[in-house]
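**Q** just a sequence and a predicted model for now, questions to come.
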Amino acid sequence: SLLIVGLILGATLMFFTPYFQLNDDTFKMMIAKGVGITDKPSEYICFYNIVFGFLLKGLYISFPTVPWFGLILILVQLLGAYAVLLVFQTGSSPWFKTMLYILGTAVIYVYCYKSIQYTLTAGLAAVGVVLLMGNLWKENHPRYFKLKLLLVGLLTVASILVRTSAFFLIVLSALPFALY
């Protein structure tokens, strides 16, 4: 699963140059990095959780040449895509579902990998959480239980740190399906 998601990301990066979809993200990256707007890395990034700001500030102070802001957002998207594929590969016909994933959702992830945007990133992570939770709830003895539970935790924290409102929007929108 991780190999397929990694190949999609690699192919995207081979053919496209990632960019921030909105100027907001560019300014937020500049604030976190301490370039242009501030004279040193800052944890006060608009609309982001302060914990995420402290993480970025520490990374930029320790390794200032690494583009941490974009890397972390792409990593969160990668984990969200991996979670969705992991759910697709459970149950009957996993190869067919994998092909369906590659043909259908790969287009969405290629778009998100090449045009990075923080709300989309948080939303994709939240979709991964919802699908994994549904998969864990549905199956009596889920395959890769610990991995799926770890992914739920990581994606929940990442989505909340990146954009809390997007996480709750996706989770609350999915509640009726859980009751159904």
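**A** Everything's here; your move. Given the structure is predicted, the values throughout are model-derived calculations rather than measurements.

**Q** what about the strands in the chain?
**A** All strands of the chain, identified by DSSP state E, fall at 19-20, 115-116.

**Q** would you mark the buried spots in the longest helix seen in the chain?
**A** Ranked by residue count under DSSP state H, the longest helix found in the chain is helix 145-179. For helix 145-179, a neighbour-count test (16 or more other C-beta atoms under 10 Å) marks 148, 151-152, 154-163, 166-167, 170-171, 174 as buried. Heads up, the C-betas are built off the backbone N, CA and C, glycines and all.

**Q** before we move on, the earlier item: could you dump the strands of the chain into CSV and include distance to residue 132, mean neighbour count and mean pLDDT?
**A** What follows is these, written out as CSV (distance: least, C-beta to C-beta, whole Å; neighbours: other C-beta atoms under 10 Å; pLDDT from 0 to 100):
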stretch, distance to residue 132, mean neighbour count, mean pLDDT
strand 19-20, 28, 14, 90
strand 115-116, 23, 18, 91
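
**Q** make TSV from those strands and add distance to residue 37 to it.
**A** Shown next, in TSV, are the strands of the chain (distance: least, C-beta to C-beta, whole Å):
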stretch	distance to residue 37
strand 19-20	15
strand 115-116	19
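
**Q** separation between the residue nearest to residue 33 when sequence neighbours are not counted and residue 72?
**A** Excluding the flanking residues, the one nearest residue 33 by C-beta to C-beta, 6 or more residues apart in numbering is residue 60, at 5.1 Å. Distance, residue 60 to residue 72, by C-beta to C-beta, to the nearest Å: 11 Å.

**Q** good, wrapping up.
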